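> here you go, sequence then predicted model.
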Amino acid sequence: MISSFVTRDGSRWMPKYLSAIDGATCIGCGRCFKVCSREVMHLHGIDDVGEILGPFDGEEDDFGGELNRMIMVVDSRGRCIGCGACARVCPRDCQTHVAADILAA
Ligand code: SF4
Ligand code: SF4
(Lines give C-alpha, C1' and ligand atoms only; values in the text may rest on other atoms or scores of the structure.)
(Ligands and ions follow the chains in the order given, each with its own letter.)
Protein backbone atom coordinates (compact mmCIF):
# COMPACT_ATOMS: atom_id res chain seq x y z
CA MET A 1 0.00 0.00 0.00
CA ILE A 2 1.38 3.41 -0.99
CA SER A 3 1.20 5.89 1.89
CA SER A 4 3.71 8.53 0.80
CA PHE A 5 1.21 10.93 -0.82
CA VAL A 6 0.32 13.76 1.53
CA THR A 7 -1.23 17.22 1.35
CA ARG A 8 0.48 20.39 2.51
CA ASP A 9 -0.70 19.83 6.07
CA GLY A 10 0.52 16.27 6.05
CA SER A 11 -2.87 14.64 5.59
CA ARG A 12 -2.88 11.43 3.57
CA TRP A 13 -3.90 11.91 -0.08
CA MET A 14 -4.43 9.12 -2.60
CA PRO A 15 -4.31 10.35 -6.23
CA LYS A 16 -6.87 8.82 -8.57
CA TYR A 17 -5.55 9.01 -12.11
CA LEU A 18 -7.80 9.38 -15.13
CA SER A 19 -7.22 6.23 -17.19
CA ALA A 20 -10.06 6.19 -19.73
CA ILE A 21 -13.16 7.93 -21.06
CA ASP A 22 -16.00 5.88 -22.52
CA GLY A 23 -16.49 7.27 -26.02
CA ALA A 24 -19.94 5.69 -26.24
CA THR A 25 -21.34 7.84 -23.44
CA CYS A 26 -19.12 10.96 -23.59
CA ILE A 27 -21.00 13.90 -25.10
CA GLY A 28 -17.90 16.00 -25.75
CA CYS A 29 -19.09 18.81 -23.51
CA GLY A 30 -15.52 19.84 -22.70
CA ARG A 31 -16.08 20.36 -18.98
CA CYS A 32 -13.29 18.00 -17.98
CA PHE A 33 -10.83 19.72 -20.31
CA LYS A 34 -11.68 23.13 -18.85
CA VAL A 35 -10.96 22.11 -15.26
CA CYS A 36 -7.82 20.08 -15.97
CA SER A 37 -4.54 21.94 -15.51
CA ARG A 38 -2.44 19.15 -17.01
CA GLU A 39 -3.48 18.75 -20.69
CA VAL A 40 -4.36 15.09 -20.13
CA MET A 41 -7.30 14.90 -22.55
CA HIS A 42 -8.43 16.59 -25.76
CA LEU A 43 -11.51 16.69 -27.95
CA HIS A 44 -11.43 14.36 -30.94
CA GLY A 45 -13.82 13.91 -33.82
CA ILE A 46 -15.39 10.53 -34.55
CA ASP A 47 -17.23 9.32 -37.63
CA ASP A 48 -20.64 7.65 -37.76
CA VAL A 49 -19.22 4.22 -36.88
CA GLY A 50 -17.27 5.52 -33.91
CA GLU A 51 -13.82 5.61 -35.47
CA ILE A 52 -11.63 8.39 -34.08
CA LEU A 53 -10.77 10.85 -36.85
CA GLY A 54 -8.20 12.87 -34.93
CA PRO A 55 -7.86 15.80 -32.54
CA PHE A 56 -10.30 18.65 -33.09
CA ASP A 57 -8.42 21.77 -34.17
CA GLY A 58 -11.22 24.32 -34.46
CA GLU A 59 -14.85 25.06 -35.17
CA GLU A 60 -14.39 24.76 -38.93
CA ASP A 61 -12.74 21.34 -38.77
CA ASP A 62 -15.23 18.75 -40.07
CA PHE A 63 -12.62 16.16 -41.08
CA GLY A 64 -13.54 16.28 -44.72
CA GLY A 65 -17.23 15.75 -44.03
CA GLU A 66 -16.62 12.60 -41.97
CA LEU A 67 -17.32 14.21 -38.60
CA ASN A 68 -20.30 12.75 -36.74
CA ARG A 69 -19.70 14.08 -33.24
CA MET A 70 -17.00 14.95 -30.71
CA ILE A 71 -15.71 12.96 -27.77
CA MET A 72 -13.01 13.56 -25.21
CA VAL A 73 -9.99 11.26 -25.50
CA VAL A 74 -7.32 10.61 -22.85
CA ASP A 75 -4.24 11.15 -25.00
CA SER A 76 -1.63 12.07 -22.36
CA ARG A 77 -2.53 9.98 -19.33
CA GLY A 78 1.02 10.16 -18.01
CA ARG A 79 0.51 13.86 -17.25
CA CYS A 80 -2.37 13.24 -14.82
CA ILE A 81 -1.75 14.12 -11.16
CA GLY A 82 -4.92 12.40 -9.97
CA CYS A 83 -6.66 15.49 -8.59
CA GLY A 84 -10.14 14.24 -9.43
CA ALA A 85 -11.45 17.56 -10.76
CA CYS A 86 -12.54 16.04 -14.07
CA ALA A 87 -14.66 13.43 -12.32
CA ARG A 88 -16.51 16.11 -10.36
CA VAL A 89 -17.70 17.98 -13.45
CA CYS A 90 -18.56 15.13 -15.83
CA PRO A 91 -22.33 14.98 -16.39
CA ARG A 92 -22.23 11.47 -17.88
CA ASP A 93 -20.10 9.50 -15.42
CA CYS A 94 -18.10 8.17 -18.35
CA GLN A 95 -14.61 8.45 -16.88
CA THR A 96 -12.54 5.71 -15.24
CA HIS A 97 -10.03 6.64 -12.55
CA VAL A 98 -7.51 4.33 -10.93
CA ALA A 99 -6.04 4.93 -7.47
CA ALA A 100 -2.27 5.23 -7.27
CA ASP A 101 -1.96 2.32 -4.86
CA ILE A 102 -3.88 0.06 -7.25
CA LEU A 103 -1.58 1.01 -10.13
CA ALA A 104 1.47 0.31 -8.01
CA ALA A 105 0.26 -3.10 -6.84
S1 SF4 B 1 -7.58 13.85 -12.39
FE2 SF4 B 1 -6.99 16.05 -12.47
S3 SF4 B 1 -5.02 16.08 -13.57
FE4 SF4 B 1 -5.97 14.08 -13.97
S5 SF4 B 1 -7.11 14.37 -15.89
FE6 SF4 B 1 -8.56 14.76 -14.21
S7 SF4 B 1 -8.47 17.00 -13.88
FE8 SF4 B 1 -6.65 16.41 -15.09
S1 SF4 C 1 -17.01 16.02 -18.86
FE2 SF4 C 1 -17.59 13.87 -19.31
S3 SF4 C 1 -19.11 14.04 -20.98
FE4 SF4 C 1 -18.02 15.99 -20.89
S5 SF4 C 1 -16.32 15.79 -22.37
FE6 SF4 C 1 -15.51 15.19 -20.34
S7 SF4 C 1 -15.76 12.96 -20.25
FE8 SF4 C 1 -17.08 13.71 -21.92
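Structure's in. What do you need? Ligands and ions are numbered 1, 2, ... in the order given.

> ends of stretch 52-67, how far apart?
Across stretch 52-67, the terminal residues are separated by 9 Å (Cα to Cα, to the nearest Å).

> separation between the closest residue to Val74 other than its chain neighbours and Gly54?
Distances taken as Cβ to Cβ, 6 or more residues apart in numbering put Met41 closest to Val74, at 5.0 Å, once the chain neighbours are dropped. In this view, the C-beta of every residue, glycine as well, is placed from N, C-alpha and C. Separation of Met41 from Gly54 (Cβ to Cβ, to the nearest Å): 14 Å.

> quick revisit: ok, now which ones touch the residue nearest to Val74?
18, 21, 32-33, 72-76, 86 (Cβ atoms under 8 Å, 6 or more residues apart in numbering).

> among these, which ones are buried?
Neighbour counting with 16 or more other Cβ atoms under 10 Å marks 18, 21, 32-33, 72-74, 86 as buried within the contacts of Met41.

> quick check: residues of this structure near ligand 2?
With Cβ under 6 Å from any ligand atom as the criterion, the chain meets ligand 2 at residues 21, 26-32, 72, 89-92, 94-95.

> just the ones of the residues you listed in helices?
Among the residues of the chain next to ligand 2, the residues falling in helices (DSSP state H) are 31-32, 89.

> need phi/psi at the residue lying closest to Thr25 once chain neighbours are set aside.
For Thr25, ignoring the flanking residues on the chain, the nearest one in space by Cβ to Cβ, 6+ apart is Cys94 at 4.1 Å. Torsion angles at Cys94 (phi, psi; degrees, to the nearest 10) stand at phi -110, psi 10.
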